[in-house]
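Chemist: Sharing a sequence plus its predicted fold:
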Amino acid sequence: MIELDSKTNQTIGSEAYKRRLDLYNHALFFCPCLFFRFMFGYLTLVLVASLVILNTAVCSLLICVMALLKIVLPGQAAKAMATRWANGFMWLWATVNTYILNGFNRVEWQVEGLEGLKKDGWYLMISNHLSWSDIVVLCSVFKDRIPMPKFFLKQQLMYVPFVGLACWALDMPFMRRYSREYLIRYPEKRGQDLETTRRSCAKFKDTPTTVVNYVEGTRFTTEKQLRSKAGYQHLLMPKTGGIAYTLASMGDQFENIIDVTLAYPKNTDQPFKDMLMGRLTKIVVKVRVLPVDDNVRGDYFNDKPYKRQFQQWLGDIWQDKDEVLSQIHHKD
């Protein structure tokens, strides 16, 4: 046993007291700073969200007016003009959102591979899906380089105020997803998504269009990634059905396939919330322009060898994408 004399005890007690006093002083200084930073973040969220909602509401109403004009105006020329104006208001929505994003966030943009794209072409865009912010980012990056993107949307989004009505007015396809078990019980529902896709894509044949398909079918989360057991580190298993529907409807019209790899390497958990709170710091968008060749030309639904070939083609793209994402996150 080591015994300390009273002087040593006093020294140790004095040092402990000084340490506690230093911690207390630091707390007095830092706690208000942390509190104000916390409050400023949420005040920013309210302001940015309000601006985005206002922008969405105004542009959606203008787009819906154009949709009504398409219904009542006689002649294809007048209807085509209304369609161009509707796409123009979507461009305005994307432009205002870009100013909001850059105005409230100190974002470092890393964008690669946009060479050779044109505004009067037809494109199929495939991308990984991380967050609601993906739509804002994709529209911001591509709005001045290709026709405004048209997204395949879940049926439930039709009932979102402003957004659902505007997307309907822009002829975006709303997809009702059926489980395998549901289709076994109700086989008559099989093929309805293909018919919905064909009807929507038929409206795009007279106007240059970019059709966007999130191949994973849902937003990436770590929990979903672990459940999928697909072997990817940063992606979910790609679903071939959705892109096959689109190619079956418009494959001959697409000039290229745009493969987009999207990452928020410094805001991996909640990029959309961080964007609204002014905390988004880096966005990486890597683009590859792929040909529409024999890999994507065929009868996916009736030709089993072609179906396996198509799945292999998409699997190879997804493997390359996962490796690119690993490099991005390792670098940051």
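Modeler: Great, that's in hand. Quantities reported herein were computed from a predicted structural model and do not represent experimental measurements.

Chemist: what sits up against the helix or strand hosting V284?
Modeler: V284 belongs to strand 282-291 when assigned by DSSP states H and E. Residues outside strand 282-291 that contact it (Cβ atoms under 8 Å, 6 or more residues apart in numbering): 107-114, 116-117, 137-138, 141, 256-267, 317, 324, 328, 332. Any C-beta I mention is one placed from the backbone N, CA and C, and that applies to glycine too.

Chemist: mind listing what's buried in it?
Modeler: By neighbour count on 16 or more other Cβ atoms under 10 Å, the buried set for strand 282-291 is 282-288.

Chemist: And those residues, which is closest to P74?
Modeler: The shortest approach to P74 among those belongs to V287, at 40.8 Å (Cβ to Cβ).

Chemist: For the closest one, which non-adjacent residue is closest in space?
Modeler: G113 (3.3 Å; Cβ to Cβ, 6 or more residues apart in numbering).

Chemist: Burial check on the one you found, number of neighbours?
Modeler: Neighbours of G113 under the rule other Cβ atoms under 10 Å: 15.

Chemist: Inside strands: which ones of the contacts of strand 282-291?
Modeler: Among the contacts of strand 282-291, the ones falling in strands (DSSP state E) are 108-112, 256-263.

Chemist: List only buried entries from those residues.
Modeler: 256-263.

Chemist: wait, which of the residues you listed is closest to R308?
Modeler: Nearest member of those to R308, counting by Cβ to Cβ, is I257, at 19.2 Å.

Chemist: residues touching that closest one, list them.
Modeler: 123-126, 289-292, 296.

Chemist: beta partners for it?
Modeler: Partner residues in beta bridges with I257, using DSSP bridges, are L124, L290.

Chemist: Tell me the spacing between it and M158.
Modeler: 27 Å (Cβ to Cβ, to the nearest Å).

Chemist: For this protein, which segments are assigned as strands?
Modeler: 108-112, 123-127, 149-151, 153-154, 174-175, 210-214, 256-263, 282-291.

Chemist: any idea which of those scores lowest on pLDDT?
Modeler: Out of the strands of the chain, strand 174-175 stands lowest, with a mean of 70 (criterion: mean pLDDT).

Chemist: quick one: contacts for the residue nearest the centre of the chain?
Modeler: In the chain, the residue lying closest to the centroid (Cα atoms, centre = their mean) is D134, at 2.4 Å. Residues near D134 by Cβ under 8 Å, 6+ apart: 127, 214, 262.

Chemist: Which residue ranges of the stretch 151-300 of the chain form helices?
Modeler: Under the criterion DSSP state H, counting those that start in this stretch, helices of the stretch 151-300 of the chain are mapped to 163-169, 180-185, 192-202, 222-228, 240-250, 271-276.

Chemist: Cool, thanks, talk later.
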